[in-house]
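In: Quick one, structure for this:
(chains A and B)
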Amino acid sequence: MNKVIRTSLAGLLTSTFMTGAAFAAGTHPETGEALADDQTFTYRILDEHSSVDPQVVEDVSGAEIVRDLFEGLMNQDEDGNLVPGVSTGYTTNESKDVYTFALRDDAKWSNGDPVTAGDFVYAWKRAVDPALSSPYAWFMELMSIENAASIIAGETPVDELGVKAIDDKTLEVTLSAPLPYFPQMTTHSTTFPAPQKVIEEFGDAWTKPENIVSNGAYVLTEHLPQERSVRERNEMYWDNDNTIIDTVVSLVINDENVALTRYLAGELDRTEIPAGQYPRLKQEHPVEAISFPRLCNYYYTFNVSDGGPEAFKDPNVRQALSLAVDRKIITEKVLAGGQPQAYTFAPEATAGFTVPAVEMASMSQAERDELAKELLAEAGYGPDNPLSFEMVYNTAENHKKVAVALSQMWKQKLGVQAELANMEWKVFLEERGNQNFDLARGAWCGDYNEASTFLDLLQSDSGYNDGKFANARVDELLAEAKTSDDPAPLYTEVERIIAQETPVIPIYHYAGVYMMDSDVGNWPVNNVEQNWYSKNLYKLAE
Amino acid sequence: MLAYSLRRLLVAIPTILLLIVACFFLMHFAPGGPFTSERPLPPAVLANIEARYGLDQPLWKQLWDYLYNIVVHFDFGPSFKFKDRDVNDIIAQGFPISLTYGSLSFLVATAVGVSLGIAAAIKHNSWIDYFAVGLGIAAQALPNFIMGPILILTFTLWLGWLPGGGWNGGQWQYLIMPVIALATSYMGSIARITRSSMLEVLNSNFIRTARAKGLPTRTVIWRHALKPTLLPVVSYLGPVFVYVLTGSVFVDIYFSTGGLGQAYVGSALSRDYAVLLGVTILYGALTVVVNLLTDLAYAWFDPKIRY
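Out: Residues are numbered from 1 along each chain as shown, chains lettered A, B, ... in the order given. You can find the predicted model right below:
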């Protein structure tokens, strides 16, 4: 009943104040579908977001909100392709280390001020400024912007960052090394413009609803931390006429089962499906339960550092353990959410990445088990001398299920004794980062849609390489890929080496497993990074 | 009584100070820090952040600065996780919500529990008694984390009467389920304590005297039996008030109320030191104050007690 009242009230309001609600009670301009009167999209987020400051935000749900509130140089479309944002396009010099972006004339801040190249220069300098100490400052370093690294380290003044405003509508970026996928990285929230005047006036409090000024399709109108955040359409946005959703509400619901219940009661348009419940929900709600590949991997990493177990220094042992993992059982029986099985480190869904013909993928599980036994015997382990080690994962129901399945597979097939140990998240990160483990769980989501975001983890000097795998050829290939016009074959070769050396056991690649109200139109299931923009969604009439 | 209260409050200062110091060190000894993350920050970035929050200082200096800021500026420090809010903001926003749920649950548990207990004792060994005792025991066996799911499934999913969570300015529809979830088990205990206490009082000499001189039952109960009956109940209510406030942690999380619970648990997991300490101090101080109020209430219920 409550919902009925709310819906009719909202309908009344929209019909009374027609401002910006040009599409309400209308049809979609392109598809011709009938649109709902109430264009409100309500979705669940797991945890309170860290911030809506583009240069400070560090979590996924915060970045989702920031993508609605602010707009960067480039956006992504439904398939993850690059489309113009504040910039209408870019040019680059021959050596691909200087990019020039042209900004559109009609881009405005929500207070009516024009968005200028200077706003980007301010924001990018702000991101690397030690005074702000942004947790995402490293992203500017990753973008290879000239002097970013030494500014962050405090060795160079902030003003020497390789970015400048040629005029109000032209932005020039100088890189320290050529980077073919640089424009893709400008869809990341750290690179979004920031309103200097507002930040200087309000300090850290500038992101509060009463102070914030933003240049995206929405403005922040309400925020009760740990409960909800509401954003409404920005009348000043240059493409406001083509925006259909009026209001976006994100509700913080920690417990995924409560979220599911509230979804089923009609309070939410979107929520995550708890592990193991997808098959049942798919049967009961075939249209609403959806699963699609995402740009994240799930793996176990061997500690091959000097302090690691002797056994894992033998590639045969590592490969045997990887072979004996029945990925089909894990994805279909344990998780049951439509996750793809993983035989490579980078997900197949990664743009421009050709999955190499890894030998293991083409074998049957029985053949793999047979080979695993042989390899392990060759390495000197067997019934008389069983291999034993400890495997650690961070405390969570899903991870436990996978770990139990893995240890059982190893025990039954190879007689391996794997002892399970779970740790609270921060403890786990600390122990893994200090190589205090034998075998540890790992997972990674791409920062951008390119294989290097995954494969760089296995570079010998990478700060994220917790297993301390070092292979000179891999390092060489990855360095070459950074400047190559066609890095795909290089990545394929890296994956072949990884398959041979097995520093990690890829287990599965993540899937987005959601309950999505059938009224929600245009959810970008093909965008593997799940960079979605509320301005591209719409609600259908029921 | 005033002197007694002042003395108690003075003793509370070292208690809370001890609490702060113990928490401070426990927190810092837990592995991992606020900026430990899956993507380890480059050392230069980490150094910048630590310098900004003074985490590069020796521990004793950090503790000293922390205490100094509380005493001199009443500033409980910044949040490491939520950059646009400090601890004072977080408590100012979340505590009134938690307090609302806690106080309402306390009132409901006390009112219903005491009434049920008295009714059971007066109608001893009747169906009312059996019903009240049964209900009390059942309620006691239903902690908030069991009540939460039961309520939400029943009233949100099946009946569709109540919203499954949220605050929404504290509208009554949003308050009902969390309050019931929080109040139920305490209500059960209060009912049982009240019933046995009332039975004992009703069998005592002064009640027999009151009845013998011909006072109507109503007067006997209200004028003479009630006050002594409530004495053990009051001693239980003090801790209950603290329990419902801290117990609201679960309710805050489960019903997404926007109260302090989420911030509290979240800050422990993310090592948001100042938030964790701030909320701990708040609950610690509250416990001290409530215990004092309970002791003062004794004096009112039992004239034999003097401070």
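
In: where exactly do the helices run in the stretch 101-250 of chain B?
Out: B:127-140, B:144-151, B:172-202, B:205-212, B:217-219, B:226-254 (DSSP state H, counting those that start in this stretch).

In: Could you dump those into CSV with distance to chain A added?
Out: From N, CA and C alone the C-beta is placed, and that goes for glycine too. Below are the helices of the stretch 101-250 of chain B laid out as CSV (distance: least, C-beta to the nearest C-beta, whole Å):
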stretch, distance to chain A
helix B:127-140, 22
helix B:144-151, 8
helix B:172-202, 7
helix B:205-212, 49
helix B:217-219, 43
helix B:226-254, 5
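
In: Need the ones you listed in CSV (columns: mean pLDDT and mean neighbour count).
Out: Output for the helices of the stretch 101-250 of chain B, formatted as CSV (pLDDT from 0 to 100; neighbours: other C-beta atoms under 10 Å in any protein chain shown):
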stretch, mean pLDDT, mean neighbour count
helix B:127-140, 90, 16
helix B:144-151, 89, 18
helix B:172-202, 92, 22
helix B:205-212, 90, 13
helix B:217-219, 86, 10
helix B:226-254, 85, 21
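
In: Go through the ones you listed and name the closest to residue B:284.
Out: For residue B:284, the closest of the helices of the stretch 101-250 of chain B is helix B:226-254, at 10.0 Å, according to C-beta to C-beta.

In: ok so, going back, list just the one of the helices of the stretch 101-250 of chain B that sits closest to residue A:92.
Out: Residue A:92 lies closest, by C-beta to C-beta, to one member of those: helix B:226-254, at 49.4 Å.

In: State the next helix or strand along the chain beyond the closest one.
Out: helix B:260-269 (DSSP states H and E).

In: other SSEs contacting that following helix?
Out: Judged by 3 or more C-beta pairs under 8 Å, 6 or more residues apart in numbering or on different chains; DSSP states H and E, helix B:260-269 is in contact with helix B:87-122, helix B:226-254, helix B:273-301.

In: buried residues in that helix?
Out: Residues B:260-268 are the ones in helix B:260-269 that count as buried (16 or more other C-beta atoms under 10 Å in any protein chain shown).

In: Could you do stretch B:42-53 as well?
Out: In stretch B:42-53, counting by 16+ other C-beta under 10 Å, buried: B:42, B:44-50, B:53.

In: Name the nearest of those relative to residue A:321.
Out: residue B:42 (32.2 Å).

In: and the helices of the stretch 101-250 of chain B as JSON lines, adding distance to residue A:357?
Out: JSON lines is the format used below for the helices of the stretch 101-250 of chain B (distance: least, C-beta to C-beta, whole Å):
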{"stretch": "helix B:127-140", "distance to residue A:357": "64"}
{"stretch": "helix B:144-151", "distance to residue A:357": "49"}
{"stretch": "helix B:172-202", "distance to residue A:357": "56"}
{"stretch": "helix B:205-212", "distance to residue A:357": "91"}
{"stretch": "helix B:217-219", "distance to residue A:357": "91"}
{"stretch": "helix B:226-254", "distance to residue A:357": "48"}
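
In: Indicate which one of those is closest to residue B:3.
Out: Among the helices of the stretch 101-250 of chain B, if distance is taken as C-beta to C-beta, the winner is helix B:226-254, at 21.1 Å.

In: tilt between that closest one and helix B:144-151?
Out: Here helix B:226-254 runs at an angle of 70 degrees relative to helix B:144-151 (axes from the mean of the first three to the mean of the last three C-alpha atoms, to 10 degrees).

In: Helix B:226-254 to helix B:87-122, inter-axis angle?
Out: Helix B:226-254 runs at 140 degrees relative to helix B:87-122, counting by the same axes, to 10 degrees.
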